[in-house]
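Participant: Curious how this folds, go ahead:
(chains A and B)
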There are 2 protein chains.
Amino acid sequence: MKTKMEVMILKAQINIADCVVFTFLKFYYIKFSLIRRILSELWKVLETSGAKFTIDSWRRKDPKEGGGITCVLEDGNTFEKAGVNITVMRAPLSKKLQDHMRARLVLILGKDFPEDEDFTFFAAGISSVIHPKNPYVPTIHFNYRYFEVQDKDGKQRDWWFGGGTDLTPYYLDKDDVKQFHQTLKDVCDLYDKNTYTKYKKWCDKYFYIKHRGERRGVGGIFFDDLEGPDQEKIFKFIEGCAQAVIPSYIPIVKKNMNREFSENERIWQLLRRGRYVEFNLVYDRGTKFGFSTPNARFESILMSLPLTARWQYMHEPQEGSPEWKLLNVLKNPRDWV
Amino acid sequence: MKTKMEVMILKAQINIADCVVFTFLKFYYIKFSLIRRILSELWKVLETSGAKFTIDSWRRKDPKEGGGITCVLEDGNTFEKAGVNITVMRAPLSKKLQDHMRARLVLILGKDFPEDEDFTFFAAGISSVIHPKNPYVPTIHFNYRYFEVQDKDGKQRDWWFGGGTDLTPYYLDKDDVKQFHQTLKDVCDLYDKNTYTKYKKWCDKYFYIKHRGERRGVGGIFFDDLEGPDQEKIFKFIEGCAQAVIPSYIPIVKKNMNREFSENERIWQLLRRGRYVEFNLVYDRGTKFGFSTPNARFESILMSLPLTARWQYMHEPQEGSPEWKLLNVLKNPRDWV
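Facilitator: Predicted structure coming up:
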């Protein structure tokens, strides 16, 4: 009943949040119904997993600037830690933000971007990381976001989308990985035939733990600065990507969540989670940018970290072992579809 | 016998390393006997703790540039993870290193530091982190290092020392913290009456987890760019600091290592270790610099990370609880002596 009550509260919270969020959302952005649909699909799995939810509605220091909703479950039966974070904000484009985006702003706005003019920055996004308990179930991460820059007269000067979905298995099940990539490819193909290949490569490049020479996982898709003449078409693509999260992932969860595993397999999972922490804290642009933003909500930023992680000095899997096979793929990314 | 054999091998390794290291070490730097003395004191504790040692002698990609010895124990009875790292290197002062040190180099060398001249960089240091098993025993970290810049004629153009020792308790025992700080103050006072106050403040400032508004621990001393007319006097101070590690810490270990603790106390310890990871991966200059150095030995850099760490969303200790009392001190550093 505790869990049921919590889910009920969660759902109510989402409805309340709906009102807050709608005041910001434009017709063309991730309509809240989309987020709600993804969430409600996730709940179907989460509800049965003995999960303990924490749901926080929060506002920025200046509430006019927006806020977000952070939902985290910890120590469930199926999921060790899972978080969904929704942020919607509109704020003056600070010097820091400008510096962070300068390359893009100069690129896009060119000479039209005078440094002394005041701009407003709008951002709306959903991000999620799910760390399962069973080492045979991969971790998934997805993040879809929309940015807009307006000048002081409220005129839209620039907009773009970014996002991606990627998978981090602890043991390699080629069929699962193929299924995951195929689902993403199907969505990309509807948008443009070259998109999957381009964003798959971008994903392998982005989730790279440079000091170890290995990727965080088996990738997926990743993109930024996505814009074009037909905003509606791009939004449809983003919507498709977000809707693909459930069918790309939940079958893998259901297939593997009850597999037996040993203490050694659990230790390997924790070691890989250590690498996840390394990537997120050392390289992830979102985390770095978050930490450098004044009044950033660090608890929402760090929601992506696993409940538990482990570091062993010079841990090297035995040649030919399942752990070694995974590592091999992380060092040499493959084509899956 | 396994442990005894390992210790025997370790000691032999140290003697071998002695030869390697001595070819680099100058009479005035941390004489190897000092490092050996610290190590051998540590072994006395470590030997009895059922520790499993890993000892690696390693060289840089170009062996002429030096190398180091990394000793790590994991999953002992007293210590969950402990590492000692010795590095001695001499290499061309790369563009990257120059950029990292530019502020200092410009400050010290002024107009004498032409960008197109070739310089050689010498560095020698010992660093160590010890994470105990019992939550009532604090983690300790120390690091003492010497740098020298030579021009192409082998002429010494600049040198300086850096270092520090700091304590990270999980539960606050004021007597232990006072004892720790007093031991450091005694060493500092022998060098100069203002040193302890200055380096204690520097330590509180350095080990600051900015996004959380809290320090990693209860501090100690920290300094960099230490130079002066009397190099021998400064070396004596460094030697004193290194020798103070054992008397500042081992009594605290012995006093608390057999205290009983609950599952909740263990969880709190793991959460604090998560913060340790956050500091080291996000803020620590040594780690950041290490990751950006070509061919850096990342396993030695990451040796400082705990065996296990934990992240819980919005974990806040109950007001008045021992965990809350510790956090209070981490948010508002105190004077201890």
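Participant: Not counting residues beside it along the chain, what's closest to residue A:296?
Facilitator: Closest residue in space to residue A:296, ignoring its immediate chain neighbours: residue A:290 at 4.8 Å, by Cβ to Cβ, 6 or more residues apart in numbering or on different chains. Quick note: C-beta positions are derived from backbone N, CA and C, even for glycine.
Participant: Just give me the neighbour total for the one you found.
Facilitator: As a burial measure, residue A:290 scores 16 neighbours (other Cβ atoms under 10 Å in any protein chain shown).
Participant: in the stretch 151-300 of chain A, which spans are helices?
Facilitator: A:174-191, A:195-206, A:231-256, A:263-278, A:285-292, A:298-301 (DSSP state H, counting those that start in this stretch).
Participant: rank those by mean pLDDT and give me the bottom one.
Facilitator: Of all those, the minimum mean pLDDT falls on helix A:285-292 (a mean of 82).
Participant: Can you list the buried residues in that one?
Facilitator: By neighbour count with 16 or more other Cβ atoms under 10 Å in any protein chain shown, helix A:285-292 contains the buried residues A:287, A:288, A:290, A:291.
Participant: Pick the one among those residues closest to residue B:253.
Facilitator: Relative to residue B:253, the closest of the buried residues of helix A:285-292 is residue A:291; by Cβ to Cβ it sits at 33.7 Å.
Participant: Can you tell me the closest non-neighbouring residue to the closest one?
Facilitator: residue B:211 (5.0 Å).
Participant: residues near the one you found, how many?
Facilitator: Neighbour count for residue B:211, taken as other Cβ under 10 Å: 20.
Participant: just residue A:296 next, same as before
Facilitator: Counted by other Cβ under 10 Å, the residues lying close to residue A:296 total 15.
Participant: Do I have it right that it meets residue B:211?
Facilitator: Yes - Residue A:296 is within contact range of residue B:211, at 7.1 Å (criterion: Cβ atoms under 8 Å).
Participant: ok, and what's touching stretch A:276-291?
Facilitator: With Cβ atoms under 8 Å, 6 or more residues apart in numbering or on different chains as the test, stretch A:276-291 has contacts from A:100, A:127, A:139, A:143, A:168, A:207-212, A:216, A:296, A:298, A:301-302, A:304-306, A:309, B:210-211, B:277-278, B:281-282, B:291, B:302, B:309.
Participant: Kindly apply the preceding question to stretch A:168-183 instead.
Facilitator: For stretch A:168-183, contacts defined as Cβ under 8 Å, 6+ apart pick out A:135-136, A:138-141, A:167, A:200, A:216-220, A:244, A:247-249, A:251-252, A:255-256, A:265, A:268-269, A:272, A:276, A:322-323, A:325-326, A:329, A:336-337.
Participant: Please apply the same query to stretch A:193-212.
Facilitator: A:164, A:166, A:181, A:184-185, A:188-189, A:214-217, A:219-223, A:237, A:275, A:278-279, A:282-283, A:333, A:335, A:337, B:291, B:296, B:298, B:301.
Participant: which bits of chain A sit near chain B?
Facilitator: Applying Cβ under 8 Å from any Cβ of the partner chain, one finds that chain A approaches chain B through A:54, A:56, A:70, A:72, A:74, A:81, A:83, A:210-212, A:270, A:274, A:277-278, A:281-282, A:291, A:296, A:298-299, A:301-303, A:305-314.
Participant: Please repeat the previous calculation with a cut-off of 6 Å.
Facilitator: A:54, A:72, A:211, A:281-282, A:291, A:298-299, A:303, A:305, A:308-311, A:313-314 (Cβ under 6 Å from any Cβ of the partner chain).
Participant: Which residue is it, in the stretch 51-200 of chain A, that comes closest to chain B?
Facilitator: As assessed by Cβ to the nearest Cβ, chain B sits closest to residue A:72 within the stretch 51-200 of chain A, at 4.1 Å.
Participant: Might one say that that residue is in contact with residue A:56?
Facilitator: No - Residue A:72 lies out of contact with residue A:56 (Cβ atoms under 6 Å); the separation is 8.1 Å.
Participant: Residue A:150 is in contact with residue A:118, isn't it?
Facilitator: No - Residue A:150 is beyond contact range of residue A:118, at 9.9 Å (criterion: Cβ under 6 Å).
Participant: Of those two, which one has the most company?
Facilitator: Neighbour totals were compared for residue A:150 and residue A:118, and residue A:150 leads with 18 against 9 (other Cβ under 10 Å).
Participant: Quick check: residue A:141 touching residue A:129?
Facilitator: Yes - between residue A:141 and residue A:129 there is a contact at 4.7 Å, judged by Cβ under 6 Å.
Participant: coming back round to it: can you say which of the contacts of stretch A:193-212 are buried?
Facilitator: A:164, A:166, A:181, A:184-185, A:188, A:214-217, A:219-223, A:237, A:275, A:278-279, A:282-283, A:333, B:291, B:298, B:301.
Participant: Contact partners for residue A:256?
Facilitator: The neighbours of residue A:256, taking Cβ atoms under 6 Å, 6 or more residues apart in numbering or on different chains as the test, are A:136, A:137.
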